[in-house]
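1. build me a structure from this.
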Amino acid sequence: MRSSGRNSSSGGGKGNHRGAGNKRDDKQQRAGRPRPEERRYDVGGSAGGDERGGRGTSGARGAAARGGAKGGPRTGASQGGRPGGKGSGQQRGRGQAPARPREYDAKIEERNRARYDNKPQVKTPKTFGEQEGERLQKVLARAGMGSRRACEELIDQARVEVNGKVVMEQGLRVDPEKDEIKVDGLTVATQSYLFFALNKPAGVVSTMEDPDGRQCLGDYVTNRETRLFHVGRLDTETEGIILLTNHGELAHRLTHPRYGVTKTYLAAVQGPLPRDLGKRLKDGIPLEDGYARADHFRVVENTGKNYLVEVTLHEGRKHIVRRMLSEAGFPVDKLVRTHFGPIALGDQKSGWLRRMTNTEVGMLMREVDL
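-> Residues are numbered from 1 along each chain as shown. Now for the predicted structure:
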């Protein structure tokens with residue numbers, strides 16, 4: 001009898017080796033309740049089906065796997081119910097607020113910005129804020145003196161000066177707008193200034209705008225955001241180098257007779273030329289607005305009666321070279337300006353605009369004591 005009882009208790013499935021447990025399981029099966037290890041727990045309660053089995057069980061099992069009964073994600077899909085069924089109704093009953101429209105969020109953000117935009121900016125103490133100025137090597141690198149590592153080597157070589165003092169340590173902070181920075185004695189243009197050299201072709205008017213619609217210097221810099229202006233002028237038929245910049249003080253000094261910045265021209269004339277022509281030009285040629293004197297004169301090339309002469313002078317009066325040579329008895333056939341102070345035209349093609357190097361800008365500034 002004892003053995004038959006053991007067999008009957010283990011006939012429904014895997015047997016439990018504990019006799020008391022077998023009897024309890026049999027009672028639960030007769031009452032229609034699952035065993036403890038077969039029970040399923042839904043996060044939000046049984047919404048889509050019966051706990052004892054059926055379709056709701058699989059949905060509950062998925063929700064239990066994701067979060068279990070201890071605070072997992074409580075969504076309508078995990079409740080085993082459809083959006084319009086009991087699950088969604090129960091979810092609305094928990095007090096979740098509907099999502100706000102985007103227009104409402106945008107109004108809130110706009111109101112907050114208007115609230116704080118007009119408030120005065122609080123200045124934090126220097127001990128907590130950033131240090132004033134920029135690192136010297138960073139300023140030099142941005143000015144085109146090389147990479148930051150190369151600029152650090154310039155500082156190590158004692159080639160950099162700030163306000164007249166040689167910098168001997170790294171990490172010095174400077175103000176690019178106020179401090180005077182020099183490399184090898186040449187001022188570095190650290191501010192937001194632009195310097196260009198243009199090889200002006202013949203027929204171009206030396207103005208930034210022309211009301212008659214003729215080609216002018218402004219046609220070569222139309223894509224620049226910063227307004228540029230030309231340094232001095234060239235005759236419409238004269239070719240050669242002309243400078244463009246937005247540095248007003250430098251442009252003023254370069255054209256002022258006090259600083260005596262020289263300009264060099266190549267002029268094509270018809271000979272023969274007397275030997276004392278250079279002496280006459282240096283001594284001064286009388287013009288209707290006073291004497292005009294050349295600083296230097298030489299013959300560059302001579303082919304038959306065709307002469308190519310070089311004239312250097314520091315005056316900037318209108319048509320000064322043409323008037324001088326014409327008064328001396330040798331009208332100019334073609335005129336080209338090859339140098340403006342220390343800046344040479346070189347092999348720059350006609351009509352080409354190039355940005356001047358920092359070395360050239362430093363040479364110009366040294367020429368006018370900047």
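
2. contacts for the helix or strand hosting Gly362?
-> Using DSSP states H and E, the element containing Gly362 is helix 358-367. Applying CB atoms under 8 Å, 6 or more residues apart in numbering, the external contacts of helix 358-367 come out as 143-145, 182-183, 185-189, 195, 197, 250, 254, 259, 261, 341-343. Yep, even glycine has a C-beta here, placed from its N, CA and C like the rest.

3. for it, buried residues please.
-> Residues of helix 358-367 classed as buried: Asn358, Glu360, Val361, Gly362, Met363, Leu364, Met365, Glu367 (neighbour count, 16 or more other CB atoms under 10 Å).

4. so which of these sits lowest on pLDDT?
-> Least confident of the buried residues of helix 358-367 in the model: Asn358, at 83.

5. quick one: that residue from Glu153, how far?
-> Counting by CB to CB, to the nearest Å, the gap from Asn358 to Glu153 is 16 Å.

6. for the stretch 151-300 of the chain, just list every one of the strands.
-> Taking DSSP state E, counting those that start in this stretch, the strands of the stretch 151-300 of the chain run over residues 160-162, 165-166, 173-174, 181-183, 186-187, 195-200, 229-231, 239-245, 263-270, 285-287, 290-292, 296-303.

7. any chance of those in TSV, plus mean pLDDT, distance to Asp210 and mean neighbour count?
-> What follows is those, written out as TSV (pLDDT from 0 to 100; distance: least, CB to CB, whole Å; neighbours: other CB atoms under 10 Å):
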stretch	mean pLDDT	distance to Asp210	mean neighbour count
strand 160-162	90	43	20
strand 165-166	91	48	10
strand 173-174	89	42	18
strand 181-183	87	38	20
strand 186-187	80	34	18
strand 195-200	93	14	22
strand 229-231	88	13	20
strand 239-245	93	15	23
strand 263-270	95	23	20
strand 285-287	91	28	14
strand 290-292	90	28	13
strand 296-303	94	33	12
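
8. so which of the ones you listed is nearest Gln215?
-> For Gln215, the closest of those is strand 195-200, at 10.1 Å, according to CB to CB.

9. which residues are contacting that closest one?
-> With contacts defined as CB under 8 Å, 6+ apart, strand 195-200 is touched by 189, 206, 217, 220-221, 228, 234, 238-245, 247, 340, 343, 345, 348-356, 360-361, 364.

10. and for stretch 330-337?
-> For stretch 330-337, contacts defined as CB under 8 Å, 6+ apart pick out 234-235, 237-242, 263-271, 273, 277, 307, 321-322, 325-326, 345.

11. could you rerun that using 6 Å?
-> Thr238, Glu239, Gly240, Ile241, Lys263, Tyr265, Leu266, Ala267, Ala268, Val269, Arg322, Leu325 (CB atoms under 6 Å, 6 or more residues apart in numbering).

12. tell me where the model's unsure across the stretch 201-350 of the chain.
-> 223-226 (pLDDT under 70).

13. at 80 what do you get?
-> By pLDDT under 80, the weakly predicted segments of the stretch 201-350 of the chain are 222-227.

14. state the mean pLDDT of the lengthiest helix in the chain.
-> When the chain is parsed with DSSP state H, its longest helix is helix 102-117. On average, the pLDDT along helix 102-117 is 77.

15. show me what it is packed against.
-> Counting contacts by 3 or more CB pairs under 6 Å, 6 or more residues apart in numbering; DSSP states H and E, helix 102-117 is packed against no other helix or strand.

16. got the CA positions of that helix in PDB?
-> Provided in PDB are the C-alpha atoms of helix 102-117 (Å, rounded to 0.1, in the frame of the first residue of the first chain):
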ATOM      1  CA  ARG A 102       6.700  71.100 -29.000                       C
ATOM      2  CA  GLU A 103       5.300  74.700 -29.400                       C
ATOM      3  CA  TYR A 104       4.700  74.900 -25.700                       C
ATOM      4  CA  ASP A 105       8.300  73.800 -25.000                       C
ATOM      5  CA  ALA A 106       9.600  76.300 -27.500                       C
ATOM      6  CA  LYS A 107       7.700  79.200 -25.800                       C
ATOM      7  CA  ILE A 108       9.100  78.100 -22.400                       C
ATOM      8  CA  GLU A 109      12.700  78.200 -23.700                       C
ATOM      9  CA  GLU A 110      12.100  81.500 -25.400                       C
ATOM     10  CA  ARG A 111      10.800  83.000 -22.200                       C
ATOM     11  CA  ASN A 112      13.800  81.700 -20.200                       C
ATOM     12  CA  ARG A 113      16.200  83.200 -22.700                       C
ATOM     13  CA  ALA A 114      14.500  86.600 -22.500                       C
ATOM     14  CA  ARG A 115      14.600  86.400 -18.700                       C
ATOM     15  CA  TYR A 116      18.400  85.900 -18.500                       C
ATOM     16  CA  ASP A 117      19.700  87.700 -21.600                       C
END
